[in-house]
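sequence and predicted model, in that order:
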Amino acid sequence: MMGRGIAQKVAQIAPESGILRRKVSFTERRVTMKGRRIVAVFLMVAMVMAGLYVTPVEKVRAETAQIDNFVCSLLSDGTISVDSYYGSEEEIVVPAELGGYKVSQVGSGEWQGDCFGSYELKTIIISPGIKYISNNAFNSNFTSLERVVIPDSIVSIGFKAFAYNDKLNDIVIPDSVERIENDTFSGCESLSNITLPKTLNSIGNNAFLNCKSLRQITLGNTLSSIGDKAFYNTALSEITIPSDIEYIGDYAIGYHDGTFGEEVKTNDFIIRGISESVTEEYALENGFAFDAKPRAKEVEFSPEVGMYRESQTVSLTCATPNATIFYSIPDSDGTNHWVEYTEPIEINETTKLYAYATAEGYAASKICGGVFEIDYLAPDKIIGVGEKITIKVGKKLRVVAAEDSSIVKVKKKGKKIVIIGKAPGTTVVLAYDKRDWELGAWIVKVE
């Protein structure tokens with residue numbers, strides 16, 4: 001009866017809660033479960049009631065309850081997290097909505113012990129729309145989990161999120177994820193096939209530690225750092241490191257445990273990368289064979305990156321023989337989506353455009369590009385205060401004038417216009433011949 005009393009008190013705190021209205025709180029249900037879980041639940045609910053329970057994730061847990069076989073937390077933004085599952089299905093779908101609430105997160109952020117640890121559960125499908133997989137979300141020593149389907153709405157995966165799932169063998173991380181955190185897949189001894197994001201920026205310490213079935217990995221060209229022991233004790237025998245890598249941690253690649261747990265180099269391990277790089281330095285310092293590759297030439301843009309007063313059709317080329325070019329027009333948050341270049345790109349508004357090239361036998365080129373600024377009122381001429389420019393018009397002038405004479409001073413000189421900057425601002429300079437035909441109009445900006 002003790003568990004029922006606590007559940008009733010939680011219900012009194014939030015009698016209108018849609019979560020609590022669907023079913024009784026998970027505290028009441030778990031009175032019948034294993035004794036080791038009951039004590040933890042009582043402590044958690046007591047902390048919630050006292051207003052002291054805060055998880056280490058981005059949002060604050062306000063209320064906790066059960067919907068169907070899921071234990072959920074109400075978050076401060078009005079969405080909920082799905083913290084755990086206690087059913088008996090082999091495959092489950094974590095829905096995008098439960099009890100009238102939007103699900104934004106999987107996992108509470110704390111290690112609670114086998115949160116998704118049903119012995120029958122083999123596949124978890126996360127619904128599109130869910131954004132976060134929290135720290136320790138699927139961290140478990142006892143699960144039968146073999147497969148997790150992650151939608152491209154996921155933008156963050158926390159540390160130890162999949163750690164110690166020793167039957168997990170295949171996973172695809174979408175391009176919306178830019179970091180693999182510390183220990184994310186540590187101890188996943190059956191993991192043999194993983195697809196990493198093309199836009200991945202960093203791999204944390206111990207990220208794939210003891211993934212003993214991992215025999216190959218493809219690293220994207222945007223990767224900048226690999227943490228300590230990131231690929232320690234794997235089945236890798238070779239690896240190709242991207243051209244722009246900036247940091248490789250201690251024992252990150254090419255090492256495994258010795259007889260007494262000491263760090264031992266993997267025999268005949270091969271590291272591939274560009275010469276005179278962090279990659280070559282790591283290989284030489286650790287005594288690994290290094291296969292140096294020349295770098296593909298940078299992609300050339302025609303027209304070049306810059307400011308234009310009309311739409312542009314941009315062609316991309318690379319001087320490296322048989323090169324394949326990839327380009328990206330990043331999202332507003334800077335996320336790149338690399339697409340193979342096959343035809344000129346139409347730019348009708350201000351747009352960021354980046355590209356790189358790859359070719360057989362070459363390391364990827366540097367990523368280059370920038371902003372094509374399309375401003376239909378962009379200045380034709382930019383000068384400083386006190387500066388003078390001359391424009392040749394080819395015909396003898398009768399009249400030259402500025403719409404705002406406080407910004408520039410203009411005068412005619414035969415077939416030339418002389419413009420002198422007076423004050424910061426933008427104005428239009430007009431020129432006419434002796435028959436009052438307009439010879440031109442120039443937008444002039446004074447900085």
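Everything's here; your move. Note that this is a predicted model, so its numbers are computed, not measured. Residues are numbered from 1 along each chain as shown.

report the secondary structure state of residue 391.
Secondary structure state of residue 391, per DSSP: H, G, I helix; E, B strand; the rest coil, is strand.

how about it: what's its closest non-neighbour residue?
Excluding the flanking residues, the one nearest residue 391 by Cβ to Cβ, 6 or more residues apart in numbering is residue 417, at 4.4 Å. The C-beta positions use only the backbone N, C-alpha and C, and glycine is treated the same way.

same thing with residue 327?
Of all residues not flanking residue 327 in the chain, residue 355 sits nearest, at 4.2 Å (Cβ to Cβ, 6+ apart).

is it true that residue 282 lies in a helix?
Yes. Counting by three-state DSSP, residue 282 is found in a helix.

show the contacting residues for it.
248, 252, 253, 271, 288 (Cβ atoms under 8 Å, 6 or more residues apart in numbering).

out of these, who's nearest residue 80?
residue 252 (37.6 Å; Cβ to Cβ).

next one: the closest one relative to residue 417, how far apart?
Residue 252 sits 63 Å away from residue 417, going by Cβ to Cβ, to the nearest Å.

higher neighbour count, the two?
residue 252 (25 against 22; other Cβ atoms under 10 Å).

could you verify my assumption that that one touches residue 233?
No. With contact defined as Cβ atoms under 8 Å, residue 252 does not reach residue 233; the gap is 11.7 Å.

which stretches of this protein have low pLDDT?
Low-confidence regions of the chain, defined by pLDDT under 70, span residues 1-62, 111-115, 117-119, 141-142.

and residue 216, how many neighbours?
Neighbour tally, residue 216, other Cβ under 10 Å: 13.

and it, helix, strand or coil?
coil.

that one reaches residue 236, doesn't it?
Yes. Counting by Cβ under 8 Å, residue 216 touches residue 236, with 7.1 Å between them.

so who does the most centrally placed residue in the chain touch?
Per Cα atoms, centre = their mean, the C-alpha nearest to the average position across the chain is that of residue 178, at 2.9 Å. Listed by Cβ under 8 Å, 6+ apart, the contact partners of residue 178 are 197, 199, 200, 201, 202, 335.

Three-state assignment for the second one, please.
Looking back up the chat, that one is residue 199. coil.

quick one, what contacts it?
Counted by Cβ under 8 Å, 6+ apart, residue 199 has contacts 175, 178, 220, 222, 335, 336, 337, 338.

could you check how far it is from residue 168?
23 Å.

now do the last one
Using Cβ to Cβ, one obtains 26 Å as the distance from residue 335 to residue 168.

the more surrounded of those two?
Neighbour totals were compared for residue 335 and residue 168, and residue 168 leads with 27 against 15 (other Cβ under 10 Å).

residue 187 is in contact with that one, correct?
No. Counting by Cβ under 8 Å, residue 168 sits too far from residue 187 to count as a contact (9.7 Å).

now the buried members of the contacts of residue 199.
Taking 16 or more other Cβ atoms under 10 Å as the criterion, what is buried in these is 175, 178, 220, 222, 336, 338.

so what sits opposite residue 327 in the bridge?
Using DSSP bridges, the beta-bridge partners of residue 327 come out as residue 339, residue 355.

residues touching residue 359, list them.
296, 318, 320, 321, 322, 323, 324.
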